[in-house]
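*Asks:* let's see this in three dimensions:
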Amino acid sequence: MNEIEGTAVLVGLFALRCIAPLAITLCIGFLMNRLVDRWQAEDEAREQAGSIPLPVLEPSRSRGISLPSVAIPCWILKNCSEARQEECVARKQPGLPCWLVRLRYEGMLPKGCPDCPIYEENAALATGD
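*Replies:* The predicted structure follows:
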């Protein structure tokens, strides 16, 4: 192997050892920035569309039970119209699960609640266990 071939091999190995990982890291960083920009654009579009921020429940001070966090409000899950949302009692108390508000307000559990994922997540609250 002559001196030029040896130098070419060393430069090639240097490129594989240092430059290739650097290029891959820069490429991943670029793609992550594009992803963050996309997420920010989606958030701005949601805000302009008038989406509601998802509520987080405060722990209940009575009887030592803690209420779950409601990830998706029922009016979004059921795709209620704006008119129906205005008259809904659950919408007026977004910090509580919808079925619990309606149970307290109406005195009985609505018929569709036992099959609802929001109810199934914490059905023990309905019985007081």
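*Asks:* any idea which helix is longest in the protein?
*Replies:* In terms of residue count, the longest helix belonging to the chain (DSSP state H) is helix 20-49.
*Asks:* what's the helix or strand that that helix is followed by packed up against?
*Replies:* Next in sequence after helix 20-49, counting helices and strands by DSSP states H and E, comes helix 74-77. Packing partners of helix 74-77 (3 or more CB pairs under 8 Å, 6 or more residues apart in numbering; DSSP states H and E): helix 89-92, helix 98-106, helix 117-121. For the C-beta atoms, the positions are set from N, CA and C on the backbone; glycine is no exception.
*Asks:* so which bits of helix 74-77 are buried?
*Replies:* 74, 75 (16 or more other CB atoms under 10 Å).
*Asks:* so which residues make contact with that helix?
*Replies:* 52, 80, 84, 85, 88, 90, 91, 98, 99, 116, 117, 118 (CB atoms under 8 Å, 6 or more residues apart in numbering).
*Asks:* for whichever helix or strand comes after it, C-alpha coordinates in CSV please.
*Replies:* Sequence order places helix 82-87 as the next helix or strand after helix 74-77, per DSSP H and E. Taking Å, rounded to 0.1, in the frame of the first residue of the first chain, the C-alpha atoms of helix 82-87 are listed here in CSV:
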residue,chain,number,x,y,z
GLU,A,82,-72.7,23.9,20.6
ALA,A,83,-76.4,24.3,21.5
ARG,A,84,-76.4,21.0,23.5
GLN,A,85,-73.1,22.0,25.2
GLU,A,86,-74.7,25.3,26.4
GLU,A,87,-77.5,23.5,28.3
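*Asks:* tell me how far helix 82-87 lies from the chain's centre.
*Replies:* 24 Å (CA atoms, centre = their mean, to the nearest Å).
*Asks:* can you check stretch 14-23 too?
*Replies:* 37 Å.
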